[in-house]
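Colleague: below: sequence and its predicted model.
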Amino acid sequence: GGHTTEILRLLENLSNAYSPRHYIIADTDEMSAHKIHSFEQNRADTTTMLSEYYIHRIPRSREVQQSWLSTVLTTLYSMWLSFPLTHKVKPDLVLCNGPGTCVPICISALLLGILGIKKVIIVYVESICRVEHLSLSGKILFHLSDYFIVQWPALKEKYPKSVYLGRIV
Amino acid sequence: MKCVFVTVGTTSFDDLIARVSAHDTLQIFKSLGYNRLVLQIGRGKLVPEPFSTESFALDVYRYKDSLKEDLQKADLVISHAGAGSCLETLEKRKPLVVVVNEKLMNNHQLELAKQLHKDGHLFYCTCSTLPGLLQSMDLSTLKCFPPGQPEKFSAFLDKVVGLQ
């Protein structure tokens, strides 16, 4: 619930130029699709343009507290499905805020660039919950993203290359 | 009608539910002028019996689609350390007491609650220190929580993708 709520807040202010929107959620997630539909419906009701959006499901790379060994396997499995999806969509921009689901997608986006298929901009926004320490996804994607946004000054100090805009959710 | 709203989000926090519905805590609420207690118990196993007398009412439920209404009606919110619960409550400008669940190890949400407490936006305690805090706290010392600024994010992103 937390990641979805935060990312929808980030999207609230974005112009209609950010279209179509492809939402990637974990296959075991039951609540997020509902929130996304509400958000998009509300957006369609309040703007003049049609909302064009899609929801895709991929397996979670890692459940909370999952062991490291099995995480390697489940992440590889997620990658196996994430890459064809990312390749099909060929996004201009990937925006994520830390659920395990985002790591395979970001790696797939990077691969698209490395293989010369498409240059994808990767923007990572660390959750507002992360005040002094980065999440695991954050630690991984700090080096792989084009822009890494933090919401507390302590993190900006620890990671000078990050972007600090204050609290944005 | 002064109302206390207790929320545990989607978690289970039986220790808190037990603490707030205990006789001595109910007496404290009454002495502070509250006459209604609403418990949102999430996944918890402990389900206190609701009741309604002339002077006091207790309501209990697990989930609602949105807690907006209960937050709006509350004069005091007692919550677990969930980021969503904290932020939603502070945005509604309600006085907030966050109770830390000592049974949760490595609770990453604690960082946020601690920071917000440091910044003077909420009070912070454990189940056992809650009654003491309720009696000693001064809600007027809590500072207003300024809203986040998503427009800064959209301005930044527009530049990144070349829309500006």
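Modeller: Right, received. Where do you want to start? Because the structure is a prediction, the values reported are computed rather than measured.
Colleague: gap between the two ends of stretch B:122-132?
Modeller: End-to-end distance of stretch B:122-132: 16 Å, with CA to CA, to the nearest Å as the criterion.
Colleague: what does chain B have sitting close to chain A?
Modeller: Residues of chain B found near chain A (CB under 8 Å from any CB of the partner chain) are B:10, B:82-84, B:87, B:108-109, B:111-112, B:114-115, B:146, B:148-154, B:156-158, B:160-161, B:163. The C-beta positions use only the backbone N, C-alpha and C, and glycine is treated the same way.
Colleague: give the contact list for residue B:47.
Modeller: Residues near residue B:47 by CB atoms under 8 Å, 6 or more residues apart in numbering or on different chains: B:41, B:60.
Colleague: recalculate using a threshold of 10 Å.
Modeller: Contacts for residue B:47 (CB atoms under 10 Å, 6 or more residues apart in numbering or on different chains) come out as B:14, B:17, B:21, B:39, B:41, B:60, B:61, B:62.
Colleague: is it true that the second one touches residue B:43?
Modeller: If I follow you right, that is residue B:17. No - when contacts are counted by CB atoms under 10 Å, residue B:17 is not listed as touching residue B:43 (11.1 Å).
Colleague: could you pull up the residues touching residue A:89?
Modeller: A:20, A:22, A:24, A:54, A:56, A:105, A:108, A:109, A:112, A:118, A:120.
Colleague: buried ones among those residues?
Modeller: The neighbour count (16 or more other CB atoms under 10 Å in any protein chain shown) marks A:22, A:24, A:56, A:105, A:108, A:109, A:112, A:120 as buried among the contacts of residue A:89.
Colleague: closest to chain B out of those?
Modeller: For these, the closest approach to chain B (CB to the nearest CB) belongs to residue A:120, at 11.2 Å.
Colleague: list the contacts of that closest one.
Modeller: Counting by CB under 10 Å, 6+ apart, residue A:120 touches A:86, A:89-94, A:105-106, A:108-113, A:146.
Colleague: what's the answer for residue B:121, then?
Modeller: B:86, B:89-90, B:95-96, B:98, B:113, B:115, B:142-146.
Colleague: for the residue nearest in space to the middle of chain A, grab phi and psi.
Modeller: Per CA atoms, centre = their mean, the C-alpha nearest to the average position across chain A is that of residue A:96, at 1.9 Å. Backbone torsions of residue A:96, given as degrees, to the nearest 10, read phi -150, psi 160.
Colleague: same check on residue B:129?
Modeller: Per-residue torsions, residue B:129: phi -90, psi 0 (degrees, to the nearest 10).
Colleague: neighbours of it, how many?
Modeller: By other CB atoms under 10 Å in any protein chain shown, 14 other residues sit near residue B:129.
Colleague: so which of the buried ones among the contacts of residue A:89 sit within strands?
Modeller: The strands in this structure, assigned by DSSP state E, contain A:22, A:24, A:56 from these.
Colleague: how about whichever helix in chain A runs longest: buried residues?
Modeller: Longest helix in chain A by number of residues (criterion: DSSP state H): helix A:68-89. Residues A:74, A:75, A:78, A:79, A:81, A:82, A:83, A:85, A:86, A:89 are the ones in helix A:68-89 that count as buried (16+ other CB under 10 Å).
Colleague: tabulate those (JSON lines), appending pLDDT.
Modeller: JSON lines is the format used below for the buried residues of helix A:68-89 (pLDDT from 0 to 100):
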{"residue": "A:74", "pLDDT": "88"}
{"residue": "A:75", "pLDDT": "85"}
{"residue": "A:78", "pLDDT": "90"}
{"residue": "A:79", "pLDDT": "91"}
{"residue": "A:81", "pLDDT": "93"}
{"residue": "A:82", "pLDDT": "95"}
{"residue": "A:83", "pLDDT": "96"}
{"residue": "A:85", "pLDDT": "97"}
{"residue": "A:86", "pLDDT": "97"}
{"residue": "A:89", "pLDDT": "97"}
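Colleague: out of those residues, who's nearest chain B?
Modeller: Of all the buried residues of helix A:68-89, chain B sits closest to residue A:89, with 16.1 Å by CB to the nearest CB.
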